[in-house]
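J.: the sequence and its predicted three-dimensional model are supplied below.
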Amino acid sequence: MSTFPSTPSIPPASFYNIQGLAGWLNQNSSYKYFFVGQTDVSPYLFPMTSSISTTFNGEYDAANVPLAPFVTTLSQQQLLQYSNQISLFKKVYAYNSNAYVGYTQTGKPPIYYRFITYQEYTQYKASVALINKLYPFNAMANGNSTISNVPSIPQLSWVVPFPL
């Protein structure tokens, strides 16, 4: 595995926040090319052609398309709830990620995070549901550009090789 956001790599825990994948792509626009045509990321990233514009050989530049986050308006209570869920997810994710990296370096089986209470486990399951809405893991693992004027972009393969 290489360092994120290279491909293939494991996204770090700090990657996950309330802005979701759309927020990260807006800040790192060159990676939008990997998600062109994938409607689970954004319905606005399409390989379009136009006979009117010749600026990009008839194609638009996906890097310039602003992506709307999946979560736009929240009450203070929702923001607090989502922030707590994301914090719990990041805690478990960081623990499991470190266990996996330790396994790849030592060969000893990883010991993944163990929940203290059943309540913590159910809160974690709710956080995974939120993260799955903000970060489409299938698209992150299989992103592949379909824009013809982008020179040789390989397939994106961000992976989460441990249980969520």
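T.: That came in fine, so what should we check first?

J.: output the below-cut-off pLDDT ranges for this structure.
T.: 1, 46-60, 143-155 (pLDDT under 70).

J.: isn't residue 66 right up against residue 25?
T.: No: using CB atoms under 8 Å as the test, residue 66 is too far from residue 25 to be in contact (9.7 Å). (Glycine included, C-beta is placed from N, CA and C.)

J.: these two: which has the busier surroundings?
T.: residue 25 (24 against 11; other CB atoms under 10 Å).

J.: do you know how far the more buried one is from residue 125?
T.: As judged by CB to CB, to the nearest Å, residue 25 and residue 125 stand 27 Å apart.

J.: please save the CA atoms from stretch 68-84 in CSV.
T.: The C-alpha coordinates for stretch 68-84 follow below in CSV (Å, rounded to 0.1, in the frame of the first residue of the first chain):
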residue,chain,number,x,y,z
ALA,A,68,-22.7,19.6,-3.4
PRO,A,69,-22.2,17.8,-0.1
PHE,A,70,-24.8,15.1,0.8
VAL,A,71,-25.5,16.9,4.1
THR,A,72,-26.3,20.6,3.6
THR,A,73,-28.4,22.0,6.5
LEU,A,74,-28.4,20.6,10.0
SER,A,75,-29.9,21.7,13.3
GLN,A,76,-27.5,22.0,16.2
GLN,A,77,-28.7,18.7,17.6
GLN,A,78,-28.2,16.9,14.2
LEU,A,79,-24.7,18.5,13.9
LEU,A,80,-23.8,17.3,17.4
GLN,A,81,-25.2,13.8,16.7
TYR,A,82,-23.4,13.5,13.4
SER,A,83,-20.1,14.9,14.9
ASN,A,84,-20.3,12.3,17.7
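
J.: no more questions from me, cheers.
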